[in-house]
Structure formats: C-alpha cells, structure tokens
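A.B. asks: sequence isn't available, so here's the structure alone:
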C-alpha cells in the first residue's frame, strides 16, 4: 500500500503533467517487455518496437543494460526518472548525468537488494559510465518511443480533459478520486492499494505531480525516496472504453463532413472535440440521448472518438483520426475562431 498524506496546501499544489515524461515512459515501456500483462493493449507497438530495436542493433544492450536497470520489481533507482524530465528527454538526461555519485551508489545498493544486478552497473557512480547510459537511453527513445510520441500526447491530452471534468465537478478531491480503480481518495490520504510495498509519503506542502503514462499498465508507480519531489505515474488506460486517445482540435465540420457522416453524427463528432457527455452531444446535435448513444457507438467503432466513464456519465473525446478528419474539413468563416479556441499541450 502506498499512501500520500495531504495537507490543505498540498491539495492546492497538486497538478497534472502537461506533456509525457520521456524517462518515465522509457521505464514503463521496458516493463512491457518483462511481462505479458496488458500486452494486447500494446500489441502493435510491441511488434514494431522489437523490429526497430533489432534494426538499430540495440537488442543486446537493452537486454544487458536497460532491463537489469529498470526491472519490473518493487524498486528501480529514482535517479533514472528525475523531475527535470518534465522539460524533455535532454533535460532529464542532463539531470541523470548530474546526480551525485553517493546518491547513485545508495540507489544501486537498494536495487541489488531486490533483484540480481550485474556487477558492472556499480560503475554508474562514474560520470563517464553515466554518459554511456545517457547515450543508450537516447538511442532507445529514438528507436521505440519517439515514433509513438504523437499517440502518447493524444493519450495524455485526453486524460487531462477527463481530469478537468473531475476537478470542475468535485474540486481537487474530485480529481484525486478519479485516478482509476486502484487509487482511492480517503481524506486526507491518497491510497494505492496495489502497491508492492508499504510506503507512506508526507507531502508537507510540496503538492503532488500526477504523470499520466501511456506505457504504464494498471499499477501506479512513485519514487522510493520521500525526500524527492513527490510524483505519481499512473496509466491512462484504466478507464478507457475503447479506442486510442485524442488530439486537440476544435474545428467545426464542414458540409462535406455532414455528407459523409450525416448532420447529427457530424455534430456529435464536433461536440467530442471539446470533450462532451452523451447528453451534451445530444443537445449539440439536436437529438435524443438514445440517438446520441447510437452515434457515439458508431463513431467509436470507426476509431473517431474514445469514451471514458466519469461517475454515472460517459465523456467522449476525439482520437487522432477524428481530429484529423475535423481539421481537414474546416469551414472558412469559423476557422479563425476555432484555432483561437484550440487548447495547447
């Protein structure tokens, strides 16, 4: 069980990452190679990733270096996923290079206590060896993460829309209570019941950074050292009803889109651009909720929207395909105002 203990100040300082954290995604993606759990959700990526690693000549270094360093166990070193990674891969790698040698040594010793660790990994206390590791991480990211970044951004943006609904309806406590079935809010604590170890973190006014992750499957992960800036990485897949995540686009459908989908279904697709419940989509399209449900099912089956549960309602947002369809069908007079409304990641 993992418990975060909140004060009123911590509730005010809780926030959601605005972009994928590349080093956390590297860690979670390496875990996907170590278990069949959830592999169906990543089947396409898994197949292409293995091909790309083979083509790049990285299979051996992943097996010898990265998998032992990022085991799917109760612990892997905190210095591998620094907070600076929120600013991008290069910032995160610079932070890894700048980690004090005594911290690296302490964390590697902790790793050796939970899993078999190749002796040579002890050389990571040396700046030169960490430089070699940074090159390996950069090459791995280029081969199997970067080609998938667009979908990672779509997934994170959809999650931010979903959490915004929880925040607007229930405040920060509503947001914390909507993180998925394995995460429970019991004031003043956030509890992760599936965590592999007993761990308690008092936030003490620092707040909590929530990091939605595309490659994390089911179990959320945090840092082991309670003295580090508190973060919680968790899966964006937990509540999806189907389909990939959305991209940001608010462009209204043009007559050609209405010809293709029909007026009502095109209107439902437009409503999903901003994130809409079935009732809201029905109002936008001028149809009954039952008819709107029929339309959202058809759009979801076609891969144009994805749907997430929010209490007793369902929120529909665009997939990349749906957003692309809307952006290709912009109506001239409304194009400028639509662009002005487009949210930024």
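C.D. replies: That came through, no problem. Treat the numbers as computed from the prediction; the structure is a model and nothing was measured.

A.B. asks: what is the burial count for the residue lying closest to residue 203 once chain neighbours are set aside?
C.D. replies: Among residues not flanking residue 203 along the chain, residue 10 sits closest, at 4.1 Å (C-beta to C-beta, 6 or more residues apart in numbering). In this view, the C-beta of every residue, glycine as well, is placed from N, C-alpha and C. Neighbours of residue 10 under the rule other C-beta atoms under 10 Å: 21.

A.B. asks: and the strand or helix carrying residue 10, what does it pack onto?
C.D. replies: Of the helices and strands defined by DSSP states H and E, residue 10 is found in helix 8-13. On a contact count with 3 or more C-beta pairs under 8 Å, 6 or more residues apart in numbering; DSSP states H and E, helix 8-13 meets helix 149-176.

A.B. asks: show residues contacting stretch 108-122.
C.D. replies: Residues from elsewhere that reach stretch 108-122 (C-beta atoms under 8 Å, 6 or more residues apart in numbering): 64-65, 68-69, 71, 73-77, 105, 124-125, 224.

A.B. asks: contacts only, for the closest residue to residue 192 other than its chain neighbours.
C.D. replies: Spatial nearest neighbour of residue 192, chain neighbours left out: residue 2 (4.2 Å); criterion: C-beta to C-beta, 6+ apart. Each residue near residue 2 by C-beta under 8 Å, 6+ apart is listed here: 191-192, 195, 197, 199-201, 220, 222.

A.B. asks: distance check, residue 2 against residue 72.
C.D. replies: 17 Å (C-beta to C-beta, to the nearest Å).

A.B. asks: equivalent analysis for residue 91, please.
C.D. replies: Taken as C-beta to C-beta, the span from residue 91 to residue 72 is 26 Å.

A.B. asks: which two in the contacts of residue 2 are spaced the farthest apart?
C.D. replies: Using C-beta to C-beta, the pair of the contacts of residue 2 lying farthest apart is 200 and 220, separated by 14.9 Å.

A.B. asks: quick one: which of these two has more around it?
C.D. replies: residue 220 (22 against 12).

A.B. asks: just checking, the more buried one touches residue 232?
C.D. replies: Yes: here residue 220 lies in contact with residue 232, judged by C-beta atoms under 8 Å, at a distance of 5.5 Å.

A.B. asks: mind listing the shared neighbours of those two?
C.D. replies: 179, 192.

A.B. asks: of the contacts of stretch 108-122, select the buried ones using a ChimeraX command.
C.D. replies: To isolate the buried ones among the contacts of stretch 108-122 in ChimeraX, judged by 16 or more other C-beta atoms under 10 Å, type:
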select :65,68,69,71,76,77,124,125,224
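
A.B. asks: now the contacts of stretch 108-122 in a markdown table, with pLDDT and distance to residue 163?
C.D. replies: Output for the contacts of stretch 108-122, formatted as a markdown table (pLDDT from 0 to 100; distance: C-beta to C-beta, whole Å):
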| residue | pLDDT | distance to residue 163 |
| --- | --- | --- |
| 64 | 94 | 39 |
| 65 | 94 | 35 |
| 68 | 94 | 35 |
| 69 | 95 | 31 |
| 71 | 94 | 30 |
| 73 | 82 | 29 |
| 74 | 82 | 28 |
| 75 | 90 | 28 |
| 76 | 94 | 26 |
| 77 | 96 | 29 |
| 105 | 96 | 38 |
| 124 | 96 | 36 |
| 125 | 95 | 39 |
| 224 | 92 | 25 |
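
A.B. asks: show me the contacts of stretch 108-122 that map onto strands.
C.D. replies: Using DSSP state E, no member of these falls in strands.

A.B. asks: okay if I get the contacts of stretch 108-122 as CSV plus distance to residue 320?
C.D. replies: Output for these, formatted as CSV (distance: C-beta to C-beta, whole Å):
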residue, distance to residue 320
64, 35
65, 33
68, 35
69, 32
71, 33
73, 34
74, 35
75, 35
76, 31
77, 34
105, 44
124, 38
125, 43
224, 35
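
A.B. asks: just flag the most distant two among the contacts of stretch 108-122.
C.D. replies: Longest span within those, C-beta to C-beta: 64 and 224, 24.0 Å.

A.B. asks: any idea of the pLDDT on residue 263?
C.D. replies: Listed pLDDT for residue 263 reads 86.

A.B. asks: neighbours of the residue nearest to it when sequence neighbours are not counted, just the number please.
C.D. replies: The spatial neighbour of residue 263 that comes closest, neighbours along the chain excluded (C-beta to C-beta, 6+ apart), is residue 285 at 7.8 Å. For residue 285, the number of neighbouring residues by other C-beta under 10 Å comes to 22.
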